[in-house]
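Novice: Could you work out the structure for the sequence below:
(chains A and B)
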Amino acid sequence: MVLAQILLNGILLGGLYGLMALGMALVWGVLNIVNLSHGALIMLGGYVVYYLFTIGGIDPFVALPIAMLVMFAVGFLLQYYLLNLVVRSKMLNTLLITFGLDVVLTYLAQLTFSADFRTINPPYAGANFALFGLTVPSVRLAAFVVAIVLAAALWFLLHRMALGRAIRATAQNLVAARLYGVNPSVLYAVTFGIGTALAGAAGGLYGMIANLTPYIGASLTAKSFVIAIIGGLSNPFYVIFGGIFVGIAESLTALYIGPTYSDVISFGLLVVVLVLRPNRTLRTS
Amino acid sequence: MTKDILTIKGLNAGYGAVPVLFDLDLTVREGEIVSMVGSNGAGKTTLLRAISRIIPATGTMTFDGEDLLPLKPEGAFSRGLVQVPEGRQLFGHMTVEENMMMGANRRRDGGVAESFERVYALFPKMKERRRQLAGNMSGGEQQMCAMARALMANPKLLVIDEMSLGLAPVIVDDLLAILTDIRAQGLTVLLVEQDVFAAFSVADRAYVMETGRIVREGPISELANDPAVRDAYLGAEH
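Specialist: Below you'll find the model as predicted:
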């Protein structure tokens, strides 16, 4: 029973992990930018939801779409005016600029929001219900459902809508996309905006489950990176599966080995995946 | 006389400080197939990049009565100047149908379904293969897919770069036949080719380009009998 409970916790947490990685995988696959500031954007999204909830009095789940719009705008502007300078350039350039962005965002957040721990604490934060003898925490279940819904929405966008088709086309053949009416700088900005909006949603959900501080970004970037590689860049659902895989592995590690080792496991898994299936990982859409 | 769809006068273009095209004049009239021939490095692809507004250029370029120079690539495309690029440049991980939908990317006229029917009639094989990934098809099929994608944009001028490159002669013949069908539907084509035989077999007029300049131009009947053209491009036996 303990094992089943741990598995459930891992799956629910893993959905959120998957959502965290979703935006990173999208941006990586289309723009070839490994966004080291992704975790900082998740953090920022968390604060947006936090302030919408505490100051605006808006229910955090209602605040999520608002935060996504705000973060879309943030991402669009970042890409259009800054990251378009390095898009499809050498990996080192993109790593440097996004690392710099991570530092700037983190310390701007510290200046603006202070270093205090914050939690998004709606009245139902501690609610849970029993199912087949297991305890299901309502907020975590809701976060899991939101993650699945957003992954499905991203899949639908990429595979069934004209905008998504243009995004995939540009990832596959920039020359042809330009000849066929795609303006790459705008399309890249929209893509990064979508990735940032997804990060924002993940941040809001994260803030309901764990503490927000300006410094959570780096470790969330690392986790998203691992999951994006395990899940691959080709399909949003694979990314969610990657997240669930890591979530379960971390939960089991915390139970049987010790919570301090959970990061060891997620990066250990990364090494195993890279050794076993090196070609699968970085295939784009 | 029919109206000019593309008029280029005194065009200079190149890459950074390296000039490639010198004072180039070119006219394409509505409903004709004009071919631009020349060997490797003559500047044909550069000319197409300038026409598609991918590289900067000076001189005058008018497309369908509108100044082409200030336009961006997507602007030229949405006005009906559509290119089939050299090497096909398909979206390899997308299906044939999705590639064709990318051709109709900028269309808001509601005629996309009708275009699908028309293009599938020209390329029945593309209809059979519509669910296949474009990257998994043979070279000839990929060229068909690239042409089908371009036609989905409902072009006023179809610019084809090196259609025959790397394809078996029998497939080139098929494509040339389709090109004739396309022209019969009233479409204007600018065909840029190294294969002078192929180009001359379908075109009404041709330009011969060498090192960034037009060295000969005229109706095919005239050019095919021009001793200089025959020696350089058509071989001695002709």
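Novice: Just confirm A:Thr196 contacts A:Val70, I think it does.
Specialist: No. Checked against CB atoms under 8 Å, the pair A:Thr196 and A:Val70 is beyond contact range at 9.5 Å. The way it works is simple: take the backbone N, C-alpha and C, and place the C-beta from them, glycine included.
Novice: out of these two, which sits in the more crowded spot?
Specialist: Neighbour tally, A:Thr196 and A:Val70, criterion other CB atoms under 10 Å in any protein chain shown: the higher count belongs to A:Thr196, 31 against 19.
Novice: Against A:Gly45, how distant is the more buried one?
Specialist: According to CB to CB, to the nearest Å, A:Thr196 and A:Gly45 sit 8 Å apart.
Novice: same question, A:Asp102
Specialist: Taken as CB to CB, the span from A:Asp102 to A:Gly45 is 14 Å.
Novice: Between those two, point out the one with more neighbours.
Specialist: A count of neighbours by other CB under 10 Å puts A:Gly45 above the other of A:Asp102 and A:Gly45, at 30 against 21.
Novice: what's near enough to touch that one?
Specialist: A:Ala67, A:Met68, A:Met71, A:Thr196, A:Ala199, A:Gly200, A:Ala201, A:Ala202, A:Gly203, A:Gly204 (CB atoms under 8 Å, 6 or more residues apart in numbering or on different chains).
Novice: List just the nearest of the residues you listed to A:Tyr238.
Specialist: A:Ala202 (16.8 Å; CB to CB).
Novice: So, low pLDDT: which residues of chain B?
Specialist: For chain B, applying pLDDT under 70 flags the ranges B:1, B:235-238.
Novice: got the residues of it near chain A?
Specialist: B:52, B:54, B:72-74, B:77-78, B:82-83, B:85, B:89-94, B:98, B:101-103, B:105-106, B:149, B:153 (CB under 8 Å from any CB of the partner chain).
Novice: Is it possible to mark the buried ones in those residues?
Specialist: The neighbour-count test (16 or more other CB atoms under 10 Å in any protein chain shown) marks B:52, B:54, B:73-74, B:77-78, B:82-83, B:85, B:89-94, B:98, B:101-103, B:105-106, B:149, B:153 as buried among the residues of chain B next to chain A.
Novice: among those residues, which are in helices?
Specialist: B:Pro73, B:Glu74, B:Phe77, B:Ser78, B:Glu98, B:Met101, B:Met102, B:Gly103, B:Arg149 (DSSP state H).
Novice: In chain B, what residue spans correspond to strands?
Specialist: Applying DSSP state E to chain B gives strands spanning B:4-15, B:18-29, B:33-37, B:57-63, B:66-67, B:81-84, B:157-161, B:188-193, B:205-210, B:213-219.
Novice: next one: the second one to chain centre, how far?
Specialist: What that stands for is strand B:18-29. 15 Å (CA atoms, centre = their mean, to the nearest Å).
Novice: Pull out the buried residues from it.
Specialist: Neighbour-count burial for strand B:18-29, counted by 16+ other CB under 10 Å, picks out B:Val20, B:Leu21, B:Leu24, B:Leu26, B:Thr27, B:Val28, B:Arg29.
Novice: correct me, but A:Ala197 touches A:Met71?
Specialist: Yes. Using CB under 8 Å, A:Ala197 is in contact with A:Met71, at 4.9 Å.
Novice: out of these two, which sits in the busier spot?
Specialist: Between A:Ala197 and A:Met71, A:Met71 has the larger neighbour count (other CB under 10 Å), namely 29 against 26.
Novice: which element follows whichever strand or helix holds the more buried one toward the C-terminus?
Specialist: Assigned by DSSP states H and E, A:Met71 belongs to helix A:60-81. The helix or strand immediately downstream of helix A:60-81 is helix A:91-113, counting by DSSP H and E.
Novice: And the contacts of that next one?
Specialist: By CB under 8 Å, 6+ apart, helix A:91-113 touches A:32-41, A:43-44, A:47, A:78, A:82-83, A:85-87, A:214-215, A:217-218, A:221.
Novice: what angle sits between that helix and helix A:60-81?
Specialist: 130 degrees (axes from the mean of the first three to the mean of the last three CA atoms, to 10 degrees).
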